[in-house]
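Colleague: okay, here's the prediction I keep looking at, along with the sequence it came from:
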Amino acid sequence: MPAGNDEQPQLYLQNDQPAGVPPLALTGERTLPDVPEENYWFQRHLVVYEWIAAQVAGLRVVDMACGEGYGSDVLAGAGAAEVVGVDANPEAFEHARLRYSAANLRFVRTMVETFDEPCDALVFLQTIEHVQDPGAVLTRFRGLVAGSPHGVVFVSTPNVLTLAPPGAARSGNPWHVYEYRPDEFAALCRAHFRSVQILGLYHARKLALHARALALGWDAVHARLGITKRFYDRFTPAIDVRDFALRAGSARDLRDALDLVAVLRP
């Protein structure tokens, strides 16, 4: 699997930012576009944003813990009535505010736990694993969408069964407070929402082929041939959203998912 921010965080800066927009550093706390070495993780996040964007046209959307802001921009570009990107980090907020501008997009610097604007749809991707009190956060989110006839909350998190090394209880990501198994994540969501659908994100196309190659011993081959860096310097930047598939499945299927995506209604 390509290295990235959820495995071995390394310090890189974003490439080729617009004039006047300070590049963000890749620290492992959030994924970033415009970092070739991070592209696997960026595309893995982007495919979920694009899937959600297709469902929120005409709605008021809040993108909680929006980070760099690329996801908020995707949601706004797909025709949402309004998108508010919320993040407490001052560097991420300033970058997002300067880089992404649209009539239906704005950014607010505040805590997830204190933002209180009602909305139709709320997006909270790859962040609940960072939260000390996830139940309180989900209760708050339910309240923000409860007054809307369209009220829906989208939450995603990495599946610890595929994120952590074999036999380990969790990954080495220092930013994660708790990493969820599929049954744990589903139980958490059902404790706070009436309607819960859990989907899984999986490798597709060339990432599925890469996974098969790994199972056949590709790691040993590229190391023996001395082409590891050359191969991944080409392979990782070439990954795109088509190399992932988001789909519903059984509890057994979800054990093999990369990420778990919940669609929640009050």
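Modeller: Here it is on my side, so go on. Predicted model only: the values in this text are computed from it and were never measured.

Colleague: give me the residues contacting the least confident helix or strand in the chain by mean pLDDT.
Modeller: Each helix and strand of the chain was given a mean pLDDT (mean pLDDT, DSSP states H and E); the minimum falls on helix 218-225 at a mean of 88. Taking contacts as CB atoms under 8 Å, 6 or more residues apart in numbering, the residues outside helix 218-225 that touch it are 210, 228, 231. The C-beta positions use only the backbone N, C-alpha and C, and glycine is treated the same way.

Colleague: tell me the secondary structure at the first one.
Modeller: Okay, so that is residue 210. Applying DSSP: H, G, I helix; E, B strand; the rest coil to residue 210 yields a three-state assignment of helix.

Colleague: still on that earlier bit, let's have the contacts of helix 218-225 in TSV, adding neighbour count and pLDDT.
Modeller: Rendered in TSV, the data for the contacts of helix 218-225 read as follows (neighbours: other CB atoms under 10 Å; pLDDT from 0 to 100):
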residue	neighbour count	pLDDT
210	17	94
228	13	91
231	13	92
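
Colleague: quick one: the helices in the protein?
Modeller: Assigned by DSSP state H, the chain shows helices spanning 39-53, 70-77, 90-99, 134-145, 160-163, 182-190, 205-215, 218-225, 228-238, 251-254.

Colleague: so where's the stretch 1-150 of the chain shaky on pLDDT?
Modeller: Per-residue confidence of the stretch 1-150 of the chain (counting by pLDDT under 70) places the weak regions at 1-10.

Colleague: if you could redo that for the stretch 151-266 of the chain, that was the one I meant.
Modeller: Within the stretch 151-266 of the chain, no stretch falls below the threshold (pLDDT under 70).

Colleague: 90 instead?
Modeller: Applying pLDDT under 90 to the stretch 151-266 of the chain picks out residues 166-167, 172, 219-221, 223-225, 249-252.

Colleague: mind checking the longest strand of this structure?
Modeller: Longest strand in the chain by number of residues (criterion: DSSP state E): strand 195-203.

Colleague: now the angle from that one to helix 205-215?
Modeller: 70 degrees (axes from the mean of the first three to the mean of the last three CA atoms, to 10 degrees).

Colleague: each with direction, which strands does strand 195-203 pair with?
Modeller: Counting by DSSP bridges, the strands paired with strand 195-203 are strand 244-248 (antiparallel), strand 259-265 (antiparallel).

Colleague: mind checking which of the ones you listed is nearest residue 92?
Modeller: Of all the strands paired with strand 195-203, it is strand 259-265 that lies closest to residue 92, at 20.9 Å by CB to CB.

Colleague: can you pull the buried residues of the longest strand of the chain?
Modeller: Residues of strand 195-203 classed as buried by neighbour count (16 or more other CB atoms under 10 Å): 196, 198-203.
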